[in-house]
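# My questions are about this predicted structure, shown below with the sequence.
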Amino acid sequence: MEGIVRSTKTDLYAGHDYYGVDDLLSEDHKLARDAVRDWVKQSVSPIIEDCYEKAVCPTHLFKELAQIGAFGPSLPEKYGGGGMDEIAYGIIMQELERCDSGLRSMASVQGSLVMYPIYRYATEEQKMKYLPKLGSGEFIGCFGLTEPDHGSNPGGMTTNIVDDGDAYILNGAKMWITNSPIADLAVVWAKDEEGKIRGMVVETGTPGFTTPEIHGKLSLRASITGELVFEDVRVPKEQVFPDIRGLKGPLSCLSKARYGIAWGAIGAALDCYDSALRYTMQREQFGKPLAGFQLTQKKLAEMITEITKAQLMVWRLGTLANDGKATPAQISMAKRNSCEIALKIAREARQMHGGMGITNEYPIMRHMANLETVLTYEGTHDIHLLITGMDVTGLNAFK
Ligand code: TGC
Ligand code: FAD
């Protein structure tokens, strides 16, 4: 990749499995995980720090991500997916985020927020037009829900379509859209003349449609983010999903992606724990390894305890998802929990590396900064708490 320097450091990451969660996985799950871990070590770990520092999205990885089956692992193979189950999908997201949340974002947007809505809501013709190319990484997609004035409350969106014969005229703007400046197409959510939310595929390059990049991010720097701006964009009617109406359309896609984040953020936690364990075993102060001091052991013990609880939570969520029984509120709880423990573990790990913890010799600060985004996107930490609150009380704090 032009301008990106390949590090000669070896990625020493080893998985951690304190409760034998591996025994709950099938051979196919483990094979998928190991293949992604090997690919990450070979192709991404050597460049990720430099990509992050230079705020460059490694776009050449889209085709490689497709080859390792990271786009829609649980979607049918006929539609460009991997034909695997929800646990395989989760494990793949975990291995990617173990390296970098931005890498996982590349896969979750493409698979869960672009391929999934097309698979679930588009006509057969649209599916065959877009899904094979998205599944192979030939096309890059993005998902436009958030607007400058409507983030946590997407139901208030003002982006709209107006009937114009054989097409709709689309106007409005979307903000904070992962991959938009490099996308070939966008799944866009907009209100029709009755005020109902509709979904559609809009190809970039359509007159009136621009995707300016957002600069200055101090988090998720290896992922590219932009806007979607629509000025009288003509969207042929066959590009609009025929049957889905209302916020449940985009929210159902978010459930799929939030599930992946629930698994993924544990990957970032595992990498921080792995680094802290290795560092404190090697680094000596006062004549013995840091890991030999009680305060260090308390930190390590608490980290692996939280990781283990989170691993068990997402495994159970995965079995529920495989049976089609995982509720949106259960997914919210897991997304929130994984983000929270990962961020706390990243902060502890940073302290445990002392001064070295603030350098890019170690992945900790990068994970920590990334996790601030992960805590916010796909529904903020407090929004997920309120979803749980609503589920357990039956009282809606949003209205
Ligand atoms: P509310 O009245 O509660 O619900 C409207 C309709 O939606 C249904 N529903 C769901 N359906 C499927 N899955 C879910 N998770 C669902 N949650 C709700 C609900 O049953 C209802 O259906 P119906 O038939 O009655 O119409 O809606 P509300 O307006 O009160 O909002 C509720 C709230 C706040 C929970 C929701 O809007 C929300 O989740 N806000 C957070 C917004 C958000 O998550 N945005 C994410 C943008 S995409 C992104 O961040 C991608 S990052 C990409 C990367 O990884 O890089
Ligand atoms: P706001 O909604 O303004 O929230 C600000 C604060 O207020 C938060 O702490 C929130 O929890 C709190 N708050 C809001 N409502 C309440 C309430 N009722 N009670 C208590 N507190 C409340 N969106 C997409 O559509 N597609 C993408 O691909 C995408 N990618 C993203 C990539 C990045 C790097 C980032 C940072 C964001 C991305 N997003 C994307 C947008 C993301 O989903 C939103 O940032 C998020 O939903 C929060 O919206 P907001 O930023 O407008 O914050």
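Received, thanks. Ligands and ions are numbered 1, 2, ... in the order given.

# how far away is Ser74 from ligand 1?
Using C-beta to the nearest ligand atom, to the nearest Å, one obtains 16 Å as the distance from Ser74 to ligand 1. (Each C-beta comes from the backbone N, C-alpha and C, glycine too.)

# Now that residue: phi and psi?
Per-residue torsions, Ser74: phi -100, psi 10 (degrees, to the nearest 10).

# Report the mean per-residue pLDDT for stretch 100-116.
Averaging pLDDT along stretch 100-116 gives 98.

# What residues does the stretch 51-200 of the chain have near ligand 1?
Residues of the stretch 51-200 of the chain lying close to ligand 1 by C-beta under 6 Å from any ligand atom are Ser105, Ser108, Val109, Phe143, Leu145, Thr146, Ser152, Pro154, Gly155, Thr178.

# show me what contacts the first one?
For Ser105, the set of contacting residues under the criterion of C-beta atoms under 8 Å, 6 or more residues apart in numbering consists of Thr178, Leu220, Ser223.

# which residue is nearest the centroid of this structure?
Closest residue to the average C-alpha location of the chain: Ser105 at 3.6 Å, with C-alpha atoms, centre = their mean.

# Dump the C-alpha coordinates for whatever helix or strand that residue lives in into PDB.
Taking DSSP states H and E as the definition, one finds Ser105 inside helix 101-108. As requested, C-alpha coordinates have been extracted for helix 101-108 and formatted as PDB (Å, rounded to 0.1, in the frame of the first residue of the first chain):
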ATOM      1  CA  SER A 101     -12.200  -1.900  15.600                       C
ATOM      2  CA  GLY A 102     -11.900  -0.100  12.200                       C
ATOM      3  CA  LEU A 103     -11.100  -3.400  10.500                       C
ATOM      4  CA  ARG A 104     -14.200  -5.000  12.100                       C
ATOM      5  CA  SER A 105     -16.200  -1.900  11.000                       C
ATOM      6  CA  MET A 106     -15.200  -2.500   7.400                       C
ATOM      7  CA  ALA A 107     -16.700  -6.000   7.700                       C
ATOM      8  CA  SER A 108     -19.700  -5.200   9.800                       C
END
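
# and that helix, anywhere near ligand 2?
No - Helix 101-108 lies apart from ligand 2 when judged by C-beta under 6 Å from any ligand atom; the minimum separation is 7.1 Å.

# Thr206 and Val235 touch, don't they?
Yes - counting by C-beta atoms under 8 Å, Thr206 touches Val235, with 7.4 Å between them.

# more neighbours, these two?
Neighbours per residue (other C-beta atoms under 10 Å) separate Thr206 from Val235, with Val235 holding more: 23 against 17.

# what bridges to that one?
Under DSSP bridges, the beta-bridge partners of Val235 are Tyr168.

# Please look at it and Asn160 and confirm they touch.
No - Val235 is not in contact with Asn160 according to C-beta under 8 Å; the separation is 11.5 Å.

# which residues do the two both contact?
Residues touching both Val235 and Asn160 (C-beta under 8 Å, 6+ apart): Leu170.

# which residues sit in contact with Val229?
Contacts of Val229 (C-beta under 8 Å, 6+ apart): Ala173, Phe209, Thr210, Thr211, Pro212.

# low-confidence ranges in the chain?
The model of the chain has no residue with pLDDT under 70.

# Pop the domain breakdown of it in here.
21-135, 141-239, 248-393 (automatic domain parsing).

# Output those domains in CSV, with distance to Thr8 appended to each entry.
Output for these, formatted as CSV (distance: least, C-beta to C-beta, whole Å):
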stretch, distance to Thr8
domain 21-135, 8
domain 141-239, 19
domain 248-393, 13
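
# Show me what from the stretch 201-350 of the chain comes close to ligand 2.
Leu220, Thr225.

# Which parts of the stretch 201-350 of the chain are helices?
248-282, 294-322, 328-352 (DSSP state H, counting those that start in this stretch).

# which residues does the residue of the stretch 151-300 of the chain found nearest ligand 2 contact?
Taking C-beta to the nearest ligand atom as the measure, the stretch 151-300 of the chain has Gly151 as its residue closest to ligand 2, at 1.8 Å. Residues counted as contacts of Gly151 (C-beta under 8 Å, 6+ apart) are Met175, Trp176.

# now do 10 Å
Contacts of Gly151 were listed using C-beta atoms under 10 Å, 6 or more residues apart in numbering, and they are Leu145, Met175, Trp176, Thr376, Tyr377, Gly379, Thr380, Ile383.

# ditto for Asp166
Asp166 makes contact with Arg234, Pro236, Lys237, Glu238 under the criterion C-beta under 10 Å, 6+ apart.
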